[in-house]
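Asks: no sequence on hand, only this structure:
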Ligand SMILES: CCCCCCCC/C=C\CCCCCCCC(=O)SCCNC(=O)CCNC(=O)[C@H](O)C(C)(C)COP(=O)(O)OP(=O)(O)OC[C@H]1O[C@@H](n2cnc3c(N)ncnc32)[C@H](O)[C@@H]1OP(=O)(O)O
């Protein structure tokens, strides 16, 4: 998705403007894309929160990266195609290697999608694979 999730000390925010090829019903954003945004931003939020609680600078080694164990998405209203989407992520629960993140998508100030990501800290061999990807 190439999104940039920015942590503000309390929640993480990402922005994404869908393109016409992200259409399902004309005029509206494809739900699978919205689910992917919740997924990617949810795992990014988990990572940022893990760095924050340990007082570390985000993105520094040893890396704290997360896999999606569970992804739940509720499409509350159709999401219009055109305006920028703002994706929010907030930690609901953090215990051991698991972080539960609530995430939602706003467009024109209205929440159209709401979701929850259960993120689990990635094992070292997967972090290596992420670091070495082309
Ligand atoms: C703001 C700045 C940010 C900067 C930083 C940016 C960083 C981001 C950078 C780059 C990111 C790129 C990466 C993105 C990745 C995107 C997401 C994906 O596509 S991931 C691919 C799809 N997911 C899989 O393929 C997982 C497959 N599943 C597994 O490998 C395992 O099942 C795994 C690792 C998820 C868990 O297995 P176990 O054996 O390691 O651990 P166990 O003990 O089973 O679970 C740990 C805890 O999680 C709960 N858990 C596990 N699965 C659950 C589930 N389905 N639902 C609810 N809870 C679950 C368990 O109950 C347990 O909780 P209890 O500690 O007991 O409280």
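Replies: Arrived safely, thanks for sending. The shown structure was predicted, so the numbers you read here are calculated from the model rather than taken from an experiment.

Asks: up against the ligand, what does this structure have?
Replies: For the chain, the contact set with the ligand under Cβ under 6 Å from any ligand atom comprises 5-7, 12, 39-40, 43-44, 47-48, 58-59, 65, 67-70, 95-98, 118, 120, 130. No exception for glycine: its C-beta is placed from N, CA and C like everyone else's.

Asks: change it to 8 Å
Replies: Contact residues (Cβ under 8 Å from any ligand atom) of the chain with the ligand: 4-7, 12, 39-40, 43-45, 47-48, 51, 58-59, 63-70, 95-98, 118-123, 126, 130.

Asks: and these, which of them are in helices?
Replies: 39-40, 43-45, 47-48, 51, 126, 130 (DSSP state H).

Asks: JSON lines for those residues, including neighbour count?
Replies: Formatted as JSON lines, these follow (neighbours: other Cβ atoms under 10 Å):
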{"residue": "39", "neighbour count": "18"}
{"residue": "40", "neighbour count": "21"}
{"residue": "43", "neighbour count": "24"}
{"residue": "44", "neighbour count": "27"}
{"residue": "45", "neighbour count": "28"}
{"residue": "47", "neighbour count": "23"}
{"residue": "48", "neighbour count": "24"}
{"residue": "51", "neighbour count": "17"}
{"residue": "126", "neighbour count": "12"}
{"residue": "130", "neighbour count": "11"}
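
Asks: among these, which pair sits farthest apart?
Replies: Taking Cβ to Cβ, the two most distant members of those are 39 and 51; they sit 19.4 Å apart.

Asks: which residues does the worst-scoring helix or strand of the chain on mean pLDDT contact?
Replies: Within the chain, confidence by mean pLDDT, DSSP states H and E is lowest for helix 124-131 among all helices and strands, at a mean of 86. Residues outside helix 124-131 that contact it (Cβ atoms under 8 Å, 6 or more residues apart in numbering) are 63, 65, 67, 122.
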